[in-house]
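*Asks:* What follows is a predicted protein model with its sequence.
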Amino acid sequence: MSSVWRTLRWSRKLTADQIDRWRSLANAIPDHDLRADAISSLLEKRGYADGAALFTILPAHRDRALLRVLVAYETIVDYLDNVSERCRTYENGQLLHQALREALDPGGPLSDWYRHNGTGDDGGYLAALVGCCREGCARLPSFERVREHIALETRRSLVLGLNHELDPARRDDYLRTWAQQEFPAERKHPWFELSAGASATLIVHALLALAAQPTVSDGQIEAVAGLHWPWVALATTMLDSYADLEEDRAPGGHSYLLHYDSHEAAIARLHECVATSMRLTRTLPRGGRHAVIVGCMIALFLSSDGANSPELRETTRALARSGGSLVRLLVPVLRVWRRVHKQSS
């Protein structure tokens, strides 16, 4: 695994450089609100960009184009999450999040993303992020092999635009309808698990990492997609809800965990998702590397201040045990990382 740690050190420096690049552009955004959204997403959600960059350890070689598109795409996700919170309408959320689909569709048309947002000029910030992603995709040798799968996942990511609807009944109705339309034959998972899983971005990162390889088989694509949906997608989205549980109980908040019949049922499902995700990662080619990535993301959520509140501390320790020795090792490491980078939540 020494090569993994060398690649991680390499990617850490380049990720910091990319974040600095986007911060410089964010500081130049003319509109005050959009500038605040961009800067806060880079400062407060830094862990997600670092998490995206972890996927550079999957290919057999270091790929700068892959790292750039991973960081830029996650930066779009985090930025749009902030922007859509200020104008919580169906139309605004859906149009803004078209940028996620269009960023990984080089050559495709672009939408007028801010049309329903009521804000001013972003100085080309979002267009620059989308352009960076498109340029990066064009440089990945096997992008066309995974393009159809990426198109499916980025289309599903439009569900992110529904999560900020202020009216709980209307929001749940939107999400329920979306799940029925997107997964018409699904009977195993309830609507809130379907919409939660589609909110996760790790499957897109994993597919982009496959695209960086010189050749990719259908079997490789299906194996990676099968791991991430449903298990990794559910584990990461539900852990995000778990870490933000107290905050999301406030009026206007939304927690996928609160849709289960009871808190006990929600935690039991979390244990299942965490344990199954970590077990299945090792069945993949280069499974040890997949395990490092998934373990880091699970530990990232479990190391947050919210997950270590007095109310949740014992449950968090139990969830770390469900993830196995790697997750237990990573949780205290990532607590230190959070303190150093001032990433409490």
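*Replies:* It's in. Owing to the predicted nature of the structure, the values given are computational and were not obtained by experimental measurement.

*Asks:* Quickly note the distance from the residue nearest to residue 220 when sequence neighbours are not counted to residue 200.
*Replies:* Among residues not flanking residue 220 along the chain, residue 210 sits closest, at 6.3 Å (CB to CB, 6 or more residues apart in numbering). All C-beta spots, glycine's among them, are computed from the backbone N, C-alpha and C. From residue 210 over to residue 200 the distance is 17 Å, taken as CB to CB, to the nearest Å.

*Asks:* still on that earlier bit, what's the burial count for the residue nearest to residue 220?
*Replies:* 24 (other CB atoms under 10 Å).

*Asks:* and what of residue 315?
*Replies:* Count around residue 315 with other CB under 10 Å applied: 17.

*Asks:* Skip the chain neighbours and tell me the closest residue to it.
*Replies:* Nearest to residue 315 is residue 267, by CB to CB, 6+ apart, at 6.0 Å.

*Asks:* Which helix or strand contains that neighbour?
*Replies:* helix 263-281 (DSSP states H and E).

*Asks:* Which strands or helices does that helix pack on?
*Replies:* If you count contacts as 3 or more CB pairs under 8 Å, 6 or more residues apart in numbering; DSSP states H and E, helix 263-281 packs onto helix 218-227, helix 233-243, helix 287-302, helix 313-323, helix 325-341.

*Asks:* Format the CA atom coordinates belonging to it as CSV.
*Replies:* The C-alpha coordinates for helix 263-281 follow below in CSV (Å, rounded to 0.1, in the frame of the first residue of the first chain):
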residue,chain,number,x,y,z
HIS,A,263,-34.5,6.2,15.4
GLU,A,264,-33.6,2.6,16.2
ALA,A,265,-34.6,1.5,12.7
ALA,A,266,-32.6,4.3,11.1
ILE,A,267,-29.5,3.4,13.1
ALA,A,268,-29.8,-0.3,12.3
ARG,A,269,-30.0,0.5,8.6
LEU,A,270,-26.9,2.7,9.0
HIS,A,271,-25.0,-0.2,10.6
GLU,A,272,-26.0,-2.4,7.7
CYS,A,273,-25.0,0.1,5.0
VAL,A,274,-21.6,0.8,6.6
ALA,A,275,-20.7,-2.8,7.2
THR,A,276,-21.9,-4.0,3.8
SER,A,277,-20.1,-1.1,2.0
MET,A,278,-16.7,-1.9,3.6
ARG,A,279,-17.1,-5.7,3.1
LEU,A,280,-18.0,-5.4,-0.6
THR,A,281,-15.2,-2.9,-1.5
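
*Asks:* Report the rounded mean pLDDT for that helix.
*Replies:* Computed over helix 263-281, the mean pLDDT rounds to 97.

*Asks:* Give me the distance between the helix or strand that the residue nearest to residue 220 is a member of and the centre of its chain.
*Replies:* Using DSSP H and E, residue 210 sits in helix 202-211. Its chain's C-alpha centre and that of helix 202-211 lie 11 Å apart, by CA atoms, centre = their mean, to the nearest Å.

*Asks:* again, but for stretch 317-324
*Replies:* Counting by CA atoms, centre = their mean, stretch 317-324 comes out at 21 Å from the chain centroid.

*Asks:* again, but for stretch 273-291
*Replies:* With CA atoms, centre = their mean, you get 18 Å for stretch 273-291.

*Asks:* what residue lies at the spatial centre of this protein?
*Replies:* Nearest to the mean C-alpha position of the chain, by CA atoms, centre = their mean, lies residue 201 at 3.5 Å.

*Asks:* Skipping its backbone neighbours, what lies nearest that one in space?
*Replies:* residue 77 (5.6 Å).

*Asks:* Spell out the secondary structure type for that neighbour.
*Replies:* State at residue 77, reduced to three classes by DSSP: H, G, I helix; E, B strand; the rest coil: helix.

*Asks:* That one: neighbouring residues, count only.
*Replies:* By the measure other CB under 10 Å, the count of residues near residue 77 is 22.

*Asks:* so it touches residue 49, yeah?
*Replies:* No - contact criterion CB atoms under 8 Å: residue 77 and residue 49 do not qualify, at 9.4 Å.
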